[in-house]
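Asks: I'd like to go over a predicted model; first the sequence, then the structure.
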There are 2 protein chains.
Amino acid sequence: MVADESATTAPRKKTDRSNAPRRARLTQKAIVSAAAELFARKGFGATSLDDIAERLGATKGALYYHIKNKEDILRHIYLMVLAASEEPLAEIVAAPLPPTEKLARAIAHHVSVAANRSPAMTVFYREHPHLTGPFAREIVLRKKVYERYFEQIVEEGQAAGVFSRAIDAKIATFGLLGMCNWLSQWYQPDGAYTHQRIAAMFTAMLEQGLLTPPASPDPA
Amino acid sequence: MVADESATTAPRKKTDRSNAPRRARLTQKAIVSAAAELFARKGFGATSLDDIAERLGATKGALYYHIKNKEDILRHIYLMVLAASEEPLAEIVAAPLPPTEKLARAIAHHVSVAANRSPAMTVFYREHPHLTGPFAREIVLRKKVYERYFEQIVEEGQAAGVFSRAIDAKIATFGLLGMCNWLSQWYQPDGAYTHQRIAAMFTAMLEQGLLTPPASPDPA
DNA sequence: CACAAATTTGAACAACTGGTAGAAAGATAC
DNA sequence: GTATCTTTCTACCAGTTGTTCAAATTTGTG
């Protein structure tokens, strides 16, 4: 185990790099996205830096040239999710649209983020206890701001009379967010449903409900 | 702080042991429920057996008299959740009720489980990758069976014409389950909402939707 | 009291953890 | 070629992990 044939993996010396590049370039982005997958699958606490390095075909030591420490990787995952989420939603809320349309677009946006950044999203809603210091507080805050946008849309709809006041805006918001966020538990990119179709159905469910309209007195 | 008066519920065998036992008895149930809270808060991978033992005022070694190993604790958490969930739902589905009523009761049941067994539920939906072997497969199966009950209710409603066919039953099910399961992320037992009220609003949302009924042509 | 069974202890263990230091390799420019 | 800078590797540290186990302790019973 100690005496290994180092000749087998001997690094090619000089210029001839015509062969396939054995070693993929190690970047911060690659580390973060590899870590996101591992964190999503095994959890932050159970994933070691060795695991991450191995997955990238590198060694633990190399990681530390690109990242500060383990928590720093987690930080980058959170920033990645927030960067993809916040701005588009803020634009939708600010746009001059009827509440039903705002809700539809907001759901489409959120579902799309959840679907495309699936591992990072899983981590986002699972590993926040492992963030410490001021950054942890910042994330909680930004998450609340994000969720508040949805609540605003619901409230707007209620004020305009298009959404029922019988349902508490806060609970409605938690409900619709749960619906979307739960995607990360079952959505498969290569599955039978596109995220567009899922978003459309979620919107229909939330706006019209499951019940068929009471048999309208429509004489043929 | 350590010694609770178990005398109140003590089955009191023969000799009168009216005095309080100095050391709280270490039981499998106590271990599992303490572990559930810690797993929910810090994650399975980041929670050590020392943490669990310390919380119970015992030592790590003592745990092994009551449980086989760490994964065994997790197993018990899963069994606990399933035991509280499966049977009541099966009864609701089998009962001779209209689909809308079945849906309402199923949601009420599920929300109540999620609200009362909060830490265990959090663990249930978060730590399944840490289950290994045949037991892991069994859990996946039973979870699917459980979720299938909800799907059945939706399909039943569609067949009866009371639920719209425009919404895929599978997606509707994932949506409503997400709504309920997300509770574990925000529900606080001492908060402003009882789980009954939450369930009622979720049901209203899912059945009628958020939209106010189209202004009925109701003169006067 | 004694005696046995049930329970807990505390130490030991091998394996692994996140993190660090420094040498070595590779690339780039002169 | 030499010099410089970036990137990766090896080796190691100090601490923690899950697990085992013989010995000590507590408990129930006669």
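Replies: Yes, it's here. These numbers were taken from a predicted model, which means no experiment stands behind them. Residues are numbered from 1 along each chain as shown, chains lettered A, B, ... in the order given.
Asks: check contacts around the residue nearest the centre of chain A.
Replies: Closest to where the C-alpha atoms of chain A average out (C-alpha atoms, centre = their mean) is residue A:121, at 2.7 Å. Contact analysis of residue A:121 by C-beta atoms under 8 Å, 6 or more residues apart in numbering or on different chains lists A:81, A:113-114, A:181, A:183-184. From N, CA and C alone the C-beta is placed, and that goes for glycine too.
Asks: residue A:27 too?
Replies: Applying C-beta under 8 Å, 6+ apart, we find residue A:27 in contact with residue A:66.
Asks: any idea of the pLDDT on it?
Replies: If you check residue A:27, the pLDDT there is 88.
Asks: what does stretch A:49-67 contact?
Replies: With C-beta under 8 Å, 6+ apart as the test, stretch A:49-67 has contacts from A:23-24, A:26-28, A:30-31, A:34-35, A:37-38, A:42, A:70, A:73, A:76.
Asks: tell me where the model's unsure across chain A.
Replies: A:1-24, A:214-220 (pLDDT under 70).
Asks: need the three-state assignment for the residue of it found nearest DNA strand D.
Replies: Proximity of chain A to DNA strand D (C-beta to the nearest atom of the strand) peaks at residue A:61, 2.7 Å away. Secondary structure state of residue A:61, per DSSP: H, G, I helix; E, B strand; the rest coil, is helix.
Asks: other SSEs contacting the longest helix anywhere in chain A?
Replies: In chain A, with assignment by DSSP state H, the single longest helix is helix A:133-159. In terms of contact count using 3 or more C-beta pairs under 8 Å, 6 or more residues apart in numbering or on different chains; DSSP states H and E, helix A:133-159 is assigned the packing partners helix A:70-94, helix A:99-116, helix A:169-181.
Asks: quick one, the first one and helix A:133-159 angle?
Replies: When you say that, I think you mean helix A:70-94. Using axes from the mean of the first three to the mean of the last three C-alpha atoms, to 10 degrees, one finds that helix A:70-94 and helix A:133-159 are set 20 degrees apart in direction.
Asks: still on that earlier bit, of all the contacts of stretch A:49-67, which two lie farthest apart?
Replies: A:23 and A:42 (24.9 Å; C-beta to C-beta).
Asks: more neighbours: the two, which one.
Replies: Legend: neighbour count by other C-beta atoms under 10 Å in any protein chain shown for residue A:23 and residue A:42, higher for residue A:42 (16 against 9).
Asks: any idea how far that one is from residue B:113?
Replies: Residue A:42 is 27 Å from residue B:113, where distance means C-beta to C-beta, to the nearest Å.
Asks: ok, now residue A:52?
Replies: Per C-beta to C-beta, residue A:52 is found 36 Å from residue B:113.
Asks: show me what contacts residue A:187?
Replies: Going by C-beta under 8 Å, 6+ apart, residue A:187 touches A:114-115, A:118, A:193, A:195, A:198.
Asks: closest one of these to residue A:211?
Replies: Distance to residue A:211 across these (C-beta to C-beta) is lowest for residue A:198, with 20.6 Å.
Asks: which helix or which strand is home to that closest one?
Replies: Using DSSP states H and E, residue A:198 maps to helix A:195-208.
Asks: any buried residues in that helix, and which?
Replies: A:195, A:198-208 (16 or more other C-beta atoms under 10 Å in any protein chain shown).
Asks: now do it: distance to the chain's middle.
Replies: In terms of C-alpha atoms, centre = their mean, to the nearest Å, the centre of helix A:195-208 is set 19 Å apart from its chain centre.
Asks: one more: stretch A:54-68?
Replies: Worked out by C-alpha atoms, centre = their mean, stretch A:54-68 lies 24 Å from the chain centre.
Asks: distance between the ends of it?
Replies: 18 Å (C-alpha to C-alpha, to the nearest Å).
Asks: list the buried residues of that stretch.
Replies: Across stretch A:54-68, burial judged by 16+ other C-beta under 10 Å covers A:56, A:58, A:63, A:66-67.
Asks: just name the most buried of the helices and strands packed on helix A:133-159.
Replies: Each of the helices and strands packed on helix A:133-159 was scored by mean neighbour count; the highest is helix A:169-181, a mean of 23, by mean count of other C-beta atoms under 10 Å in any protein chain shown.
Asks: do it and chain B come into contact?
Replies: Yes. Helix A:169-181 lies within reach of chain B by C-beta under 8 Å from any C-beta of the partner chain, at A:171-172, A:174-181.
Asks: could you dump that helix to CSV, C-alpha only?
Replies: Extracted C-alpha coordinates of helix A:169-181, given in CSV (Å, rounded to 0.1, in the frame of the first residue of the first chain):
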residue,chain,number,x,y,z
ALA,A,169,-52.1,35.7,3.1
LYS,A,170,-49.3,34.3,5.2
ILE,A,171,-50.6,30.7,5.2
ALA,A,172,-51.4,31.0,1.5
THR,A,173,-47.8,32.1,0.9
PHE,A,174,-46.3,29.3,3.0
GLY,A,175,-48.5,26.9,1.1
LEU,A,176,-47.5,27.9,-2.3
LEU,A,177,-43.9,28.1,-1.4
GLY,A,178,-44.0,24.6,0.0
MET,A,179,-45.6,23.4,-3.1
CYS,A,180,-42.8,24.8,-5.2
ASN,A,181,-39.9,24.1,-2.9
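Asks: for the residue lying closest to residue A:124 once chain neighbours are set aside, give its distance to residue A:93.
Replies: Distances taken as C-beta to C-beta, 6 or more residues apart in numbering or on different chains put residue A:81 closest to residue A:124, at 4.7 Å, once the chain neighbours are dropped. Going from residue A:81 to residue A:93 by C-beta to C-beta gives 18 Å.
Asks: tally of neighbours for residue A:188?
Replies: Burial measure for residue A:188: 9 neighbouring residues, criterion other C-beta under 10 Å.
Asks: I'd like the contacts of residue A:187 laid out as CSV, including distance to DNA strand D.
Replies: Output for those, formatted as CSV (distance: C-beta to the nearest atom of the strand, whole Å):
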residue, distance to DNA strand D
A:114, 31
A:115, 31
A:118, 26
A:193, 38
A:195, 34
A:198, 38
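Asks: wait, doesn't residue A:139 sit right on residue A:78?
Replies: Yes. The pair residue A:139 / residue A:78 is scored as a contact, 5.5 Å apart, by C-beta atoms under 8 Å.
Asks: so for these two, which residues contact both of them?
Replies: With C-beta under 8 Å, 6+ apart as the test, residue A:139 and residue A:78 both reach residue A:131.
Asks: would you reformat the residues of helix A:169-181 next to chain B as JSON lines and include distance to DNA strand C?
Replies: Putting those into JSON lines (distance: C-beta to the nearest atom of the strand, whole Å) gives the following:
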{"residue": "A:171", "distance to DNA strand C": "38"}
{"residue": "A:172", "distance to DNA strand C": "40"}
{"residue": "A:174", "distance to DNA strand C": "33"}
{"residue": "A:175", "distance to DNA strand C": "36"}
{"residue": "A:176", "distance to DNA strand C": "35"}
{"residue": "A:177", "distance to DNA strand C": "30"}
{"residue": "A:178", "distance to DNA strand C": "30"}
{"residue": "A:179", "distance to DNA strand C": "33"}
{"residue": "A:180", "distance to DNA strand C": "31"}
{"residue": "A:181", "distance to DNA strand C": "26"}
